[in-house]
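In: give the three-dimensional model of this entry:
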Amino acid sequence: MELYDTPANRCPPGANIVGLRASDGAQLRAAYWRPEGIPRGTVAVIQGRAEFIEKYFETIGELLERGFVVAAFDWRGQGLSHRLLRNRGKGHLRRSTDYRLDLDAFIRQLLAPDCPKPWFALAHSMGAAAVLDHSAACDGEEPFARIVGTAPMVDLHGFPGSHMARRLAASFRNTGLARLFVPGGGPRTLMEKPFVNNVLTGDQRRYARAAEIIQAAPAVGIGDPTVGWAHAAYHLMDRLTADGYAERIRTPTLLFAAGDERLVSTPAIERFARRLKTATCVVLPDARHEILMERAEIRAKFWAAFDAFAPGERFLHEAAEKISQTGV
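Out: As a prediction, this is how the structure comes out:
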C-alpha cells in the first residue's frame, strides 16, 4: 500500500494511506489528507472505471486549498485494490452491487472514524453511477450531504448503449465468456493511447500526465473491460433508470455532463437529473468525458459551480446560474 508520483504529478503532502476490507473480503487501497486549519468538512473523491488515486492528485490539492479533508480509494478490480482475475490487465466485475460493498467499507472504515462531517461526494463516471445507486439503495439514509457527479454513467454513448450491446453482453456471459475482454478490447489502457482523437480530454498535458503515472507504476493500470464488467454495468445503469428508482435519492445533487461526450450519454444524464428530487445538471459544451482532467477554462467552470454548491450555502439553481451569468 503506497502512492506513486511523478515530476508532473506530485502527491499532496500529508497523505495517510490505509487498507480497507469489504464485507466479502475484497481488500481496497485508500488514502486521506487533512488541510491546514479547521476543516470545512470532507470531500470523498470517487473515481471512474480504470482510474486510481494518483490520477486525482491535482484535484485533491485543489480541495485541500479549499479547506476540505479529502479521502479517496481504488475500487475493487483496479488501481492497487484487490484484482478479481489473474490477468491484471482485465477490468472485471462480478456483480454491480459489489460496488456498494466497497462504498460501505470506505464509509464505515475511513470516513466515519477519521473524516469530519459534512461529507460531500465528488464522483466521476462509473463512480458517480455507483454513488447514486448506493444513495438510492440507502432509502432515505444517504451518507453524503451533497453529491457532485461528473459525466455519470447513466447510459453509454453510441452502440455500447444500445439494446443489442446489452443482449450480446448477457449472451456472452451466459455461455461462460464473462472473463474475456469485450469484443475488440485489450490490455492497453485508454490513457496510453495516442492523444489525437482521444475520447477523454482536450488537454494534452493532463492526458500525458495520466500516461506517465501508468508508465511509472504499471500496477495501477488496467485495460478494457471484460464481458462480465459490461454485463454488471448494464445492470447498474438499468437499475438507475428504472421507474421510481432515481426518485429515492434525496441528497441534493449537482451533475455535470460533457458537450463533446463519446463514452456516456449526455441526454440520458439530463433526463436522469430531471427525475431527482433536488438536482440540477450543467452541460459544459466543449468538454470531453473527463471534466476534471480538461482544459483550464473548462475546469474553471466546474469549480465555479462546485464552490457555489458544495458548502450548502446557496440553492441548487445558483450553481448553474453562476456559469451562465459570469462565463467563469
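In: residues contacting residue 233?
Out: 93, 96, 126, 153, 225 (Cβ atoms under 8 Å, 6 or more residues apart in numbering). Heads up, the C-betas are built off the backbone N, CA and C, glycines and all.
In: count the neighbours of the residue nearest to the last one when sequence neighbours are not counted for me.
Out: It refers to residue 225. For residue 225, ignoring the flanking residues on the chain, the nearest one in space by Cβ to Cβ, 6 or more residues apart in numbering is residue 91 at 4.4 Å. By other Cβ atoms under 10 Å, the residues close to residue 91 number 28.
In: just curious, which of the contacts of residue 233 is nearest to residue 65?
Out: residue 126 (27.0 Å; Cβ to Cβ).
In: what pLDDT does that closest one get?
Out: Looking at residue 126, its pLDDT is 98.
In: apart from its neighbours in sequence, what residue is nearest it?
Out: residue 49 (4.2 Å).
In: where in the stretch 201-328 of the chain is pLDDT low?
Out: Within the stretch 201-328 of the chain, the stretches with pLDDT under 70 are 312-328.
In: let me see the ranges of the strands in it.
Out: 253-258, 279-284 (DSSP state E, counting those that start in this stretch).
In: the last one pairs with which strands, and in what direction?
Out: Just to be clear, that refers to strand 279-284. strand 253-258 (parallel) (DSSP bridges).
In: ok, residues contacting the partner strand?
Out: 128, 132, 146-152, 266, 269-270, 272-273, 276, 278-284, 287-289, 291, 302, 305-306, 309, 316, 319.
In: and those, which of them are buried?
Out: With burial judged by 16 or more other Cβ atoms under 10 Å, the buried subset of those is 128, 132, 146-152, 266, 269, 272-273, 276, 279-284, 287-289, 291, 302, 305-306, 309, 316, 319.
In: so which of those residues sit within helices?
Out: 128, 132, 266, 269, 272, 273, 302, 305, 306, 309, 316, 319 (DSSP state H).
In: would TSV of these with distance to residue 235 be doable?
Out: Below are these laid out as TSV (distance: Cβ to Cβ, whole Å):
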residue	distance to residue 235
128	16
132	14
266	22
269	19
272	16
273	21
302	29
305	31
306	30
309	30
316	29
319	31
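In: between these, which sits nearest residue 66?
Out: When those are compared against residue 66 (criterion: Cβ to Cβ), the nearest one is residue 306, at 8.8 Å.
In: quick check: that closest one vs residue 250, distance?
Out: Look at residue 306 and residue 250: by Cβ to Cβ, to the nearest Å, they are 20 Å apart.
In: one more: residue 41?
Out: 19 Å.
In: likewise for residue 294?
Out: 30 Å.
In: the more surrounded of the two?
Out: Between residue 294 and residue 250, residue 294 has the larger neighbour count (other Cβ under 10 Å), namely 26 against 16.
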